[in-house]
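Engineer: Take this sequence and fold it.
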Amino acid sequence: MSVTLSPESARVLGCLIEKEITTPEYYPLSLNALINACNQKSNRDPVMQLDEDAVRLALRNLTDKGLARNAHAEGRVPKYEHDVNNALQLSRREVAILCELLLRGPQTPGELRGRAERMFKFESLDDVLATLQRLMERDPALAIVLARQPGTKEARYAHTLLPIDAHSQATPSHAPAEPALDCEPRISRLEDEVRDLRREIEALRQELAARAPR
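Structural biologist: Now for the predicted structure:
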């Protein structure tokens, strides 16, 4: 199945996959929780600011393509889930790599190994490369290798669910490796993650309040 998504739909799909694996106790996601996930500052590249209308439209597009659906969840709050496993027939390791590419754009195998660890533990870099190879060998391919940027040593890989020209001009947006003693960037990222978690907790509190009998 050949699929082309908008950047908004790609972000929504990546978030649904991520939350199913990393926080299954809060999955499927309500619209409010999904909006917060899409707009996280941590583990996202680029950072987006999607409103309710944009997320609803992305969900409709994903549903039309068989990649997402309304979940049959208890309570009055509608919830949503992805259907990638049925639509694309991927292994757990392939899902983890695809999810990272959806959430953070083109990356090197080393970056993918480190970032995907929260969803699947790859034993070696060769394991990541083998998974990328399987994604590239599918018909149609779900991953591609990009031309190396000037001054870089490693090739970057991208998913194919966005138009190819969207990746062809992509450049690494992450900072160079930080010196071992430079803690400020790490602290900043941790602060962003704490803020994201607080927003998700608040969204869950609102859901619970809406479910409570009146």
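Engineer: For Gly14, grab the count of nearby residues.
Structural biologist: Gly14 has 25 neighbours, counted by other CB atoms under 10 Å. Glycine gets a C-beta too; all of them are placed from N, C-alpha and C.
Engineer: going forward can the numbers begin at 388, since that is how I track them
Structural biologist: All right, first residue 388 from here; so that's Gly401.
Engineer: Can you tell me the SS state at it?
Structural biologist: helix (DSSP: H, G, I helix; E, B strand; the rest coil).
Engineer: gap between the spatially closest residue to it that is not a sequence neighbour and Glu510?
Structural biologist: Distances taken as CB to CB, 6 or more residues apart in numbering place Leu489 nearest to Gly401, at 3.2 Å, with adjacent residues excluded. The gap separating Leu489 from Glu510 is 23 Å, by CB to CB, to the nearest Å.
Engineer: For those two, indicate the residue with more neighbours.
Structural biologist: Neighbours per residue (other CB under 10 Å) separate Leu489 from Glu510, with Leu489 holding more: 24 against 8.
Engineer: would you list every one of the strands in the chain?
Structural biologist: Remark: strands assigned in the chain by DSSP state E are 416-417, 455-458, 466-469, 530-532, 544-546.
Engineer: So which of the ones you listed is the most surrounded?
Structural biologist: Ranked by average neighbour count under the criterion mean count of other CB atoms under 10 Å, the strands of the chain are headed by strand 416-417 at a mean of 24.
Engineer: Tell me the neighbouring strands of that one, and mark each as parallel or antiparallel.
Structural biologist: strand 466-469 (antiparallel) (DSSP bridges).
Engineer: Residues contacting the strand it pairs with, please?
Structural biologist: 400, 403-404, 407, 414-418, 421, 446, 449, 454-458, 460 (CB atoms under 8 Å, 6 or more residues apart in numbering).
Engineer: Go again with 6 Å.
Structural biologist: Strand 466-469 is contacted by residues 403-404, 415-417, 446, 455, 458, 460 when judged by CB atoms under 6 Å, 6 or more residues apart in numbering.
Engineer: same thing with stretch 403-420?
Structural biologist: 424, 458, 460, 464, 466-469, 486, 505-506, 590, 594.
Engineer: Can you tell me which of those residues is closest to Ala534?
Structural biologist: Cys486 (23.9 Å; CB to CB).
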